[in-house]
Structures are given as C-alpha cells and as structure tokens.
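In: got a predicted structure plus its sequence, pasted below:
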Amino acid sequence: MHEMGIAMDILRIVQESIPAEMAGSKVQRVNLKVGKLSAIVPESLRFCFNVVAANTAAEGAELAVEEVPVVARCNDCGHAWTIDEAVFVCPKCRGARIEMLSGRELDIVSIELSEEEGDHADPR
Amino acid sequence: MLTPDKTLIYRHHEGHKGPHSHPHPHPHGGGVDTQRSGSREIKVVRRVLDANDMMAARNRELFAAKQIFVLNVMSSPGSGKTTTLRKTLSHLMPGLRCAVIVGDICTTIDADRLAESGAPVVQINTDAFGGDCHLAAHVIERALAGLDLDAIDVLIVENIGNLVCPAEFDIGEDKRVVILSVTEGEDKPAKYPLMFRECDAMLLNKIDLLPHLEYDVQATLSSVAQIHPGMPVFQISAKTGEGFEAWLAWLAAEVDAKRKR
Ligand SMILES: Nc1nc2c(ncn2[C@@H]2O[C@H](COP(=O)(O)OP(=O)(O)OP(=O)(O)O)[C@@H](O)[C@H]2O)c(=O)[nH]1
Ligand SMILES: [Mg+2]
Ligand SMILES: [Zn+2]
C-alpha cells in the first residue's frame, strides 16, 4: 500500500548514487533485494517507480527485484533454516530464541548506468 | 503485502524474474564493474527506508531526552484502538501526563473521541501525505510541534488502521502493541506475521462478544505463540473493561522501566 512512497525513496537514493563523473547518464536498471517478510508487492512497486521516475535520469529504468527468503537461526542449538510458513520456532529443538538472518530486506544493491553519453559526448 | 484475495502468508513469489534472469552477463561483487559495452554497474548497498530509520532515531533521542515513554498502537481498521485507548487513558491519567497522536486517512472523529479524556491530541490526516497507510517517522516529528514535550510522560500513537504497512516503519517508539479483535478471525496472526513479530504485546479485544461467536481463542493463542513465542497477550474488552488490570500493569511496568534508565 505504501509502494508510492517507497518508489520515491528508491528514486532519491538512485539519484544520489549516480557518480558526479557520470552525471547525465541514464539509469538502465536498479537492482533491489526484497525480503519475503517485507510488505512490498514488486508489481505495484514497478508501476509506481515508472510513474515517479518519469522525466528523471531513471525514466524507463527496470526494477530488478531479487526476493530474499526468510532465514532464521536458533540461539539455543545453532540450527539455521528457511521459514516458509508463519512458524518462528526452531524445528530441531523447539527453541524460541531465534535470530532472523534474512527476510526483512528492502535494499538497493546497485544501479546500472548507460555509458553512451560518456562514449559519444565530451563531458567537458 | 498480500495478494488482493489476502490468502497468502508472505508476498507472492515472483517466479524467476530476479535480477539474474536477464540474458546478458551480470557480474556481481565488484565496486564498479562493466557489464557489457555501454553499461556500468555502480554498487549502492543502502536500505530504502534509511531516511525513515534516521528520523526515527532522532525522534527516539528526543523522547529519551524528554523522558517520554512512547507507545505505538496498531491494528486493522475497527479492532478497537480508539476505544481501548480511551479506557487506557482514563486509568493512566492524571497520575501520568499523557498525550496522543492519532493517524487517520481523513476525518477527526477519533481525535475528538480521544480528546474527551483531557489529554492533548494531535490528529494527523495522511490525506495530506498522499493517503498513506502508515505513520512515518517524519510525520510524527511534525506532529510533535503541536505538543508541549516538557509536560508529557506518556505519548500514545494510534497508527492508521492497517495490519501490514505500519509494521515496516519505525517511528522512534519504545513499545509496539497490536490489537486483534475476536471478530477478525483466528488466522490473522498467521496472515500478517510481520506485524505480530514486530510487536511487544498483543491485545485480544472484544472478548465480551465471545458468547455470540464461534471464535477459537486457543487457536489464536497457539498461532501467536508460534509466530512470536513469549509475547504477552492480554484478553480484554474495551467495552466492559474486562481484562484491563493485566494490560495496565504491563504498560505501567514498561513506563517505569524507561524512567529508571
Ligand atoms: N463489543 C465491543 N465492541 C467494541 C469493543 N472495542 C471497540 N468496539 C467497537 O468497535 C468499533 C470500532 O472501534 P474503534 O475503537 O473505533 O476502532 P479503531 O481500531 O480505533 O478503528 P479505526 O481507527 O477506524 O481503525 C466501535 O463501534 C466500537 O464501539 C469491545 O471491546 N467490545
Ligand atoms: Mg481509531
Ligand atoms: Zn534449536
């Protein structure tokens, strides 16, 4: 439901991440990691990003979403496992002191910029 | 987020449309690496919500400096946040000086109902922020301008009615409470696990209605025990006041614990 706000945050970070010497190049792809516990629907995030990125360096950029499984580790027995139903109890020892190793991500990993501007135009 | 039919536990899977599915070579791991002619990958590695987290940390520092205990109350629409808070405020005040920030997409009905307690109330209509489904840290920060922070011991935030999004946004609170009402179904914790994992306590509200429903309290409790083992669950009726002693005792102990820090 808050994909529009998230899309605006992504655009801001993308714009901040374009190195000064590549100013003017187009963003072709934004690589994201999204944990399966996060409240984001990739399809609607893509839609919103398309809208907010219009007339910016990221116009038309692809949002590539890598889904990250929910992985936990038991602090009692050390067992680590992937959680795919809503049970956060160690399957080995029934321990409840668990630590989440992944699944809450909503991270920008990298952006991919076109170098065409730099190839064909003299930056100075 | 859930699919429109709200039947999935987690976000639906995206199949194999991950970043590794596009056809060209796609090296990872370097700081900046050339992909193919005409494209460069720039490593970013930032949390999308880092701005919210930073603002929440600033709120938290301010609350610590002013010695204010902050409670973030979340639930689906109509579970009884406002009703529960009215009753809670009537017990906390005047012993503790309370204030409320209440978020709603529009209308000031809840703010008016809460103001009857005598506590200062700041209403936030997220309409102005794009009809948001949650209160973000910067929205709280702005609402604080309407409160005298030197005259407050406990700040209660009634979040937007929504079991999904508010769980994702830290606002600088000390404790989070989720309210589930017995008219919503035993399966809600399993369908919205993030909310129930992120909260420090749960109120199971409207238990006065149990005689009229086929609601399995035990099933709810065991589901919650699997999702967030050890989380205290208080069975209450905001209408009759039943069960409030234990809930108020928990809250008072948490407020006390912060003051001693
Ligand atoms: N029977 C019964 N009804 C309740 C109880 N608590 C709340 N209600 C009723 O449930 C309805 C919704 O209560 P609210 O307190 O407005 O719920 P809310 O969570 O603040 O709703 P939103 O702010 O709109 O999301 C109202 O009609 C209340 O009177 C309860 O313990 N028992
Ligand atoms: Mg309300
Ligand atoms: Zn274990």
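Out: Arrived safely, thanks for sending. Ligands and ions are numbered 1, 2, ... in the order given.
In: poorly predicted segments of chain B, please.
Out: Across chain B, residues meeting the criterion (pLDDT under 70) sit at B:1-37, B:127-131.
In: which residue does it bring closest to ligand 2?
Out: Here chain B gets closest to ligand 2 at one residue, B:T82, 3.4 Å apart by CB to the ion. Glycine gets a C-beta too; all of them are placed from N, C-alpha and C.
In: and the residue of chain B found nearest ligand 1, what is it in contact with?
Out: Going by CB to the nearest ligand atom, ligand 1 is nearest to B:G161 of chain B, at 2.6 Å. Contacts for B:G161 were tallied using CB atoms under 8 Å, 6 or more residues apart in numbering or on different chains; they are B:75-79, B:81.
In: quick one: which of those residues is most hemmed in?
Out: Neighbour tally across these (other CB atoms under 10 Å in any protein chain shown): the maximum, 29 neighbours, falls on B:K81.
In: any idea how many residues pack against the residue in chain B positioned nearest to ligand 3?
Out: Of all residues in chain B, B:P229 sits closest to ligand 3, at 11.9 Å by CB to the ion. Residues lying near B:P229 (other CB under 10 Å) number 16.
In: hmm, back to that, phi first, then psi, for the residue of chain B closest to ligand 1.
Out: phi -60, psi 110 (degrees, to the nearest 10).
In: hmm, which helix or strand of chain A has the shakiest average pLDDT?
Out: Lowest by mean pLDDT, DSSP states H and E among the helices and strands of chain A is helix A:116-120, with a mean of 50.
In: correct me, but the residue of chain B closest to ligand 2 touches B:V102?
Out: Yes - in terms of CB atoms under 8 Å, B:T82 counts as a neighbour of B:V102; the distance is 7.5 Å.
In: low-confidence ranges, chain A, go.
Out: Within chain A, the ranges that satisfy pLDDT under 70 run A:1, A:116-124.
In: the helices in it, which residues?
Out: A:3-17, A:42-52, A:116-120 (DSSP state H).
In: what would the ones you listed look like in JSON lines with distance to B:V233 and mean neighbour count?
Out: Converted to JSON lines, those look like this (distance: least, CB to CB, whole Å; neighbours: other CB atoms under 10 Å in any protein chain shown):
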{"stretch": "helix A:3-17", "distance to B:V233": "31", "mean neighbour count": "19"}
{"stretch": "helix A:42-52", "distance to B:V233": "33", "mean neighbour count": "18"}
{"stretch": "helix A:116-120", "distance to B:V233": "58", "mean neighbour count": "12"}
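In: and those: which comes nearest ligand 2?
Out: helix A:3-17 (21.8 Å).
In: report all helices and strands that the closest one contacts.
Out: strand A:27-35, helix A:42-52, strand A:106-114, strand B:39-47, helix B:50-65 (3 or more CB pairs under 8 Å, 6 or more residues apart in numbering or on different chains; DSSP states H and E).
In: quick one: name the residues of chain A near ligand 3.
Out: Proximity of chain A to ligand 3 (CB under 5 Å from the ion) is limited to residues A:74, A:76-77, A:79, A:90, A:92-93, A:95.
In: repeat the analysis, applying 8 Å as the threshold.
Out: By the rule CB under 8 Å from the ion, the part of chain A lying against ligand 3 is A:74-79, A:90-95, A:98.
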